[in-house]
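>>> Task: produce atomic coordinates for the following.
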Amino acid sequence: QVQLVESGGGLVQAGGSLRLSCVPSGRTFSTYAMGWFRQAPGKEREFVAAISRSGSRLYYADSVKGRFTISRDNAKNMAFLQMNSLKPEDTAIYYCAADDRSSSSVLTRVYQYNYWGQGTQVTVSS
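Here you go, the predicted structure:
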C-alpha cells in the first residue's frame, strides 16, 4: 500500500507564494504518474496539475496556468507544486495523488488516481 504525505501548506496573503511537497512511500517513485487536486468547502475536488512519470509532460487547470508549477525529483522521490501569485479563490485543501495503473502519461480526473494523501490546507487572505 502506497502512502502519500503532503506538506507545505499554510496561511499566506494574496499575491504570495507557497511550495507544496509530496512524498510517497512504497514502490519506485518513477513508476507513478502524479497529480495535485484541491477541494474548497462545499465544492467538489478539482484538478490542479499533473505530471508524467518522467516529468516530461505537464498539464494544468486553466485557473492556475501561469501561476502554479508542478515538478518532480525522481532521484529524491518527491513531487512539488510551486504556487505563485496566490488568490483568495485558491483557498482549499490540496491533495497529492499518484497512479501506477494507467498507461496515460498525464491524468486529470479524480477516478484515474488510486493513491491519495491526507491533504494540506492552503489559505489565502485578501
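>>> Where does the prediction get shaky in the chain?
Applying pLDDT under 70 to the chain flags the ranges 27.
>>> And the strands in it?
4-7, 10-13, 18-24, 33-39, 46-51, 58-60, 68-73, 78-83, 92-99, 115-116, 120-125 (DSSP state E).
>>> show me what contacts the nearest residue to G26 once chain neighbours are set aside?
Nearest residue to G26, sequence neighbours excluded (CB to CB, 6 or more residues apart in numbering): V2, at 4.0 Å. For every residue, glycine as well, the C-beta is placed using N, CA and C. Shown in contact with V2 (CB atoms under 8 Å, 6 or more residues apart in numbering): P24, S25, G26, R27, Y32, A98, D100, Y115.
>>> repeat that for 7 Å
By CB atoms under 7 Å, 6 or more residues apart in numbering, V2 lies in contact with P24, S25, G26, R27, A98, Y115.
>>> Counting neighbours, which of these comes out on top?
Taking other CB atoms under 10 Å as the neighbour criterion, A98 ranks highest of those with 24 neighbours.
>>> Thank you, goodbye.
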